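Undergrad: no FASTA, just this:
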Ligand code: NAD
């Protein structure tokens with residue numbers, strides 16, 4: 001990515017071939033405000049539609065994306081550098097499935113919800129979900145379609161309009177999706193082009209989206225930018241969902257199925273060249289099985305094919321940014337200098353960073369603390385599960401954790417001790433593709449969640465309606481004016497009957513009175 005001489009356009013180059021792929025405008029503050037205003041005007045009618053109608057309308061978007069599946073996969077692969085199959089199955093398919101999942105479930109998830117009442121039995125309470133208005137979606141480059149388009153789709157199901165600011169490294173794919181949204185609008189008149197706004201540019205354009213008056217922000221990116229977003233949203237007192245970085249541990253116990261574990265860890269560490277927030281970065285393996293596990297992993301890694309991402313026979317493509325390659329290279333050099341042994345892989349060749357497995361790593365080295373976001377996998381030997389859990393949790397991040405264990409009860413107990421938004425047992429990475437499950441980080445890895453029923457409700461204001469619908473002949477409540485000594489004593493009796501002890505004590509006490 002470079003800026004043009006006039007700095008009003010971003011030039012996007014293919015990470016793998018260096019070819020110029022296209023240009024995206026740098027949207028300035030005035031244009032961002034205009035986009036938010038257009039979105040707000042379009043949202044009024046969209047938000048007023050019954051949820052079921054919105055879901056039916058969104059089908060046109062899903063169908064349009066599906067019809068263009070192959071072209072989209074090629075465009076993702078070209079712009080981001082990931083292999084064609086990953087572009088299809090890791091970026092596009094999760095969004096199609098998310099659209100289908102919320103299409104059938106959003107009406108139930110957003111339906112009014114009656115609340116149980118304890119004391120005020122003559123009253124009733126319910127919650128209803130009201131769209132927030134305009135949601136700003138600010139995305140990263142590693143999943144250039146699934147993250148911004150998935151987040152925008154959820155916000156739209158919830159009745160909002162969206163203003164999407166894709167990463168400056170991968171803006172073209174979202175611009176293409178915007179054209180497909182406009183095409184879907186021709187298939188279903190309930191969808192309108194202004195509901196889905198795209199603004200492109202660098203970080204300043206993202207900051208301008210927040211200043212321009214959006215009602216909520218869904219941000220995915222690094223921890224330092226996440227802090228800035230949280231501060232900017234706090235300034236405006238608007239909610240934000242933050243999906244940030246991770247340095248995700250995997251624990252391997254002595255009784256784990258080593259063949260499955262080796263395959264899972266190699267995929268979990270090296271899919272998308274390790275540029276996945278949920279990538280496995282550090283493996284805490286029981287000393288007794290460390291050698292056979294690493295031998296199996298080396299064998300699998302050495303069979304991986306890395307090359308042109310547009311060749312469907314390649315397992316790994318190119319890294320998206322030169323800066324990220326440099327971070328990976330630095331962390332690799334630091335690990336080797338400290339005494340880590342490179343079992344396979346090593347120095348990058350341009351943007352092609354080979355999958356690199358390093359053993360004899362000690363917990364506490366930089367590779368176990370800083371997110372490399374590159375294909376580096378560190379193996380740390382431990383003496384048993386307690387040490388593994390303690391070291392895995394010794395991190396300021398808490399996005400994902402992985403447990404590989406042959407005993408179901410033991411695995412469940414360990415999973416529940418992991419300080420992570422999600423812990424997966426005997427599998428890796430892929431719950432981002434399961435729209436029904438929450439995607440969330442704890443500690444510095446994030447705030448709030450995307451996906452899941454709760455994630456959808458969080459994109460609305462959940463408002464409360466409360467009223468009296470029984471005992472209409474009582475003209476006033478016990479706690480209203482006028483106050484009196486009699487009413488005060490009546491309250492004391494109520495406390496004894498209603499809240500002191502179990503129900504039998506209370507019944508006996510009320511009979512004695
Ligand atoms: P980044 O923080 O550099 O940029 C993310 C987006 O924020 C970009 O669109 C950028 O233009 C924008 N931005 C930058 N400064 C801004 C500001 N001041 N105000 C508003 N917007 C601003 O992150 P990145 O390099 O694109 O992505 C990589 C990071 O994202 C990694 O740390 C990775 O772990 C994380 N990530 C997290 C998840 C998750 O779900 N938790 C998923 C993917 C990536």
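TA: Yep, that arrived. Being a predicted model, the structure only gives us computed values, none of them experimental.
Undergrad: Now do the contacts for the spatially most central residue of the chain.
TA: Nearest to the centroid of the C-alpha atoms of the chain, with distances taken as CA atoms, centre = their mean, sits residue 439, at 4.5 Å. Residue 439 sits next to 243, 421, 422, 431, 432, 449, 450, 451, 452, 455 when contact means CB atoms under 8 Å, 6 or more residues apart in numbering. (C-beta placed from N, C-alpha, C; glycine too.)
Undergrad: quick one: low-confidence parts of this structure?
TA: Scanning the chain for pLDDT under 70 picks out 513.
Undergrad: near the ligand, which residues of it show up?
TA: Residues of the chain lying close to the ligand by CB under 6 Å from any ligand atom are 138-143, 147, 165, 167-168, 202-203, 206-207, 220-222, 225, 228-229, 243-246, 277, 371, 373, 399, 439, 441, 446.
Undergrad: among the residues you listed, which ones are buried?
TA: Listed as buried from these are 138-143, 147, 165, 167-168, 202, 206-207, 220-221, 225, 228-229, 243-246, 277, 371, 373, 399, 439, 441, 446; burial here means 16 or more other CB atoms under 10 Å.
Undergrad: Please narrow those residues to those residing in helices.
TA: Among these, the residues falling in helices (DSSP state H) are 147, 206, 207, 225, 228, 229.
Undergrad: and which of those residues is nearest to residue 10?
TA: Within the set of those, residue 206 lies nearest residue 10; the separation is 13.2 Å, counting by CB to CB.
Undergrad: Ignoring the adjacent residues along the chain, who's closest to residue 389?
TA: Closest residue to residue 389 apart from its sequence neighbours, by CB to CB, 6 or more residues apart in numbering: residue 417 at 5.2 Å.
Undergrad: Tell me the spacing between the one you found and the ligand.
TA: Using CB to the nearest ligand atom, to the nearest Å, residue 417 is found at 21 Å from the ligand.
Undergrad: Contacts only, for whichever residue of the stretch 201-350 of the chain sits closest to the ligand.
TA: Residue nearest to the ligand within the stretch 201-350 of the chain: residue 206 (2.2 Å; CB to the nearest ligand atom). By CB under 8 Å, 6+ apart, the contact set of residue 206 is 138, 165, 229.
Undergrad: Is residue 308 in a helix, a strand, or coil?
TA: Per DSSP: H, G, I helix; E, B strand; the rest coil, the secondary structure class of residue 308 is coil.
Undergrad: Burial check on it, number of neighbours?
TA: By other CB atoms under 10 Å, the residues close to residue 308 number 17.
Undergrad: residue contacts, the residue nearest to residue 7 when sequence neighbours are not counted?
TA: In space, not counting the residues next to it along the chain, residue 7 is nearest to residue 26; the distance is 6.7 Å by CB to CB, 6+ apart. Residues near residue 26 by CB under 8 Å, 6+ apart: 3, 7, 8, 9, 10, 200, 201, 202, 205.
Undergrad: May I ask which of those residues has the most neighbours?
TA: Busiest of the contacts of residue 26 [other CB under 10 Å] is residue 201, holding 25 neighbours.
Undergrad: That residue is in contact with residue 167, isn't it?
TA: No: counting by CB atoms under 8 Å, residue 201 does not reach residue 167; the two are 10.3 Å apart.
Undergrad: so what sits against both of those two?
TA: Contacts common to residue 201 and residue 167, judged by CB under 8 Å, 6+ apart, are absent.
Undergrad: quick one: which of the residues of the chain next to the ligand sit in strands?
TA: 138, 165, 220, 243, 439, 446 (DSSP state E).
Undergrad: Which pair in the residues you listed has the greatest spatial separation?
TA: The most widely separated members of these are 165 and 439, with 19.6 Å between them, by CB to CB.
Undergrad: Could you pull up the residues touching residue 422?
TA: 399, 400, 401, 431, 437, 438, 439, 440.
Undergrad: Residue of the stretch 51-200 of the chain nearest the ligand, please.
TA: Using CB to the nearest ligand atom, the single residue of the stretch 51-200 of the chain nearest to the ligand is residue 140, 3.2 Å away.
Undergrad: Got phi/psi on that residue?
TA: With angles defined as degrees, to the nearest 10, residue 140 sits at phi -100, psi -180.
Undergrad: where along the stretch 251-400 of the chain do the strands fall?
TA: 280-286, 341-344, 356-359, 376-382, 397-398, 400-404 (DSSP state E, counting those that start in this stretch).
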